[in-house]
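In: Make a model of this:
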Amino acid sequence: MSLTGPLAAPGAGTGRSGRVGLMLRGMGRTAGPVLAVVAALFVIWYAAAVWMNSQWTLDQAARADRTVTFSEIVADTLNQDRPKLPAPHQVAVELYDTVLDKPVTSRRSLVFHAWITLSATLTGFAIGTVLGMLLAVGIVHNRAMDMSVMPWAIASQTIPILAIAPMIIVVLNSVGVQGLLPKAIISAYLSFFPVVVGMVSGLRSPETQQLDLMKTYSASDGQVFWKLRLPASMPYLFASLKVAIAASLVGAIVGELPTGAVRGLGARLLSGSYYGQTVQIWSALLMAAACAAAMVGIVGLIQRVVLRRMGMER
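Out: Residues are numbered from 1 along each chain as shown. The predicted structure follows:
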């Protein structure tokens, strides 16, 4: 009798180096599709830049009563000072200049402006997380709050943030509250709702059999909460925190727009739109996206550490 099939799963019984090798091979398999998508996006971006910026080149040639070749059109559209759509290399140069080449204390540094926005983002995220968790606990344990607070929380998200942000700024400014707090409140307004929804789902995730088992042990409501409901809600909570922290960044940027701020990523977007500096706008947008990705990644790392310590993840 011959054994032709594998006796164990790939990687079973391997040491640390074997697991690392399997992990690297897995990363290699996923890197190809990711790089292909990124390359396709760059091709589309360059093609769109040529198409959108070509009209200005053709108009300039018509005024000078001359004809231009396709290569001249491409060369000009990818290097205009104020293009409708900047090319990737123009944005990359702007990012290098404002992130690496400028001191972080300079008003022209994107790191300086990003920190101003992130300070409001993290403050609002903390407020929204605490508020969302408290509301979720009340909704789960109190039927009156479930019937009254939850519909209002849902209805609050139907109001456009661009409409409510100026109202919050004006009202708080009238009572002397300025600076960081108004932007943080707008961030909290956007971030608390995902936390409420995720936490409510998590606190209600234990099965009936698990709740009945706690009752047979004569567990109090507090013991059921701390020993069953709260641990069961952790995966739901962290999933909602990833959404909430990205929404909080959006809220902080939107909060800078109606105030005419001179500091922050929102201020960079405003000044770029005022003076037609589309390269500056795109660099600020990419910086905001990088900040959001970094914060979501940090929440993901904390999630893995917490769930691993709780025995929910290997």
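In: can we go C-alpha only for contacts and neighbour counts from here?
Out: Noted.
In: pLDDT weak spots in the stretch 201-314 of the chain?
Out: 259-261, 313-314 (pLDDT under 70).
In: Apply 90 and report the result again.
Out: Applying pLDDT under 90 to the stretch 201-314 of the chain picks out residues 208, 210-223, 254-264, 266-267, 270-277, 309-314.
In: where along it do the helices fall?
Out: Per DSSP state H, counting those that start in this stretch, the stretch 201-314 of the chain carries helices over the ranges 208-216, 221-224, 230-256, 265-274, 278-309.
In: Residue 48: which of the ones you listed is closest?
Out: When the helices of the stretch 201-314 of the chain are compared by C-alpha to C-alpha, helix 278-309 sits nearest residue 48, at 14.5 Å.
In: Output the contacting helices and strands for that closest one.
Out: helix 88-95, helix 110-141, helix 230-256, helix 265-274 (3 or more C-alpha pairs under 8 Å, 6 or more residues apart in numbering; DSSP states H and E).
In: Only the buried residues of it, if you could.
Out: 278-285, 287-288, 291-292, 295-296, 299-300, 303-304, 306-307 (16 or more other C-alpha atoms under 10 Å).
In: possible to save the helices and strands packed on helix 278-309 as CSV with mean neighbour count?
Out: CSV is the format used below for those (neighbours: other C-alpha atoms under 10 Å):
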stretch, mean neighbour count
helix 88-95, 17
helix 110-141, 22
helix 230-256, 23
helix 265-274, 21
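In: For these, give me TSV that also has distance to residue 46.
Out: Listed next are the helices and strands packed on helix 278-309 as TSV, based on distance: least, C-alpha to C-alpha, whole Å:
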stretch	distance to residue 46
helix 88-95	7
helix 110-141	24
helix 230-256	27
helix 265-274	21
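In: Quick one: closest of those to residue 52.
Out: Evaluated over the helices and strands packed on helix 278-309, closeness to residue 52 peaks at helix 88-95, with 13.9 Å, by C-alpha to C-alpha.
In: could I have that closest one exported to PDB, CA atoms only?
Out: Written as PDB, here are the backbone C-alpha positions of helix 88-95 (Å, rounded to 0.1, in the frame of the first residue of the first chain):
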ATOM      1  CA  PRO A  88       0.900  61.600 -10.300                       C
ATOM      2  CA  HIS A  89       4.500  62.800 -10.500                       C
ATOM      3  CA  GLN A  90       3.400  66.400  -9.800                       C
ATOM      4  CA  VAL A  91       1.600  65.300  -6.700                       C
ATOM      5  CA  ALA A  92       4.600  63.200  -5.700                       C
ATOM      6  CA  VAL A  93       6.900  66.200  -6.000                       C
ATOM      7  CA  GLU A  94       4.500  68.400  -4.000                       C
ATOM      8  CA  LEU A  95       4.300  65.700  -1.300                       C
END
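In: Run the angle between that helix and helix 278-309 for me.
Out: 80 degrees (axes from the mean of the first three to the mean of the last three C-alpha atoms, to 10 degrees).
In: which residues touch helix 88-95?
Out: For helix 88-95, contacts defined as C-alpha atoms under 8 Å, 6 or more residues apart in numbering pick out 42, 45, 46, 79, 110, 279, 280, 282, 283.
In: rerun that using 6 Å as the cut-off
Out: 279, 283 (C-alpha atoms under 6 Å, 6 or more residues apart in numbering).
In: and what of stretch 108-116?
Out: Counting by C-alpha under 6 Å, 6+ apart, 98, 99, 102, 104, 105, 263, 264, 265 sit against stretch 108-116.
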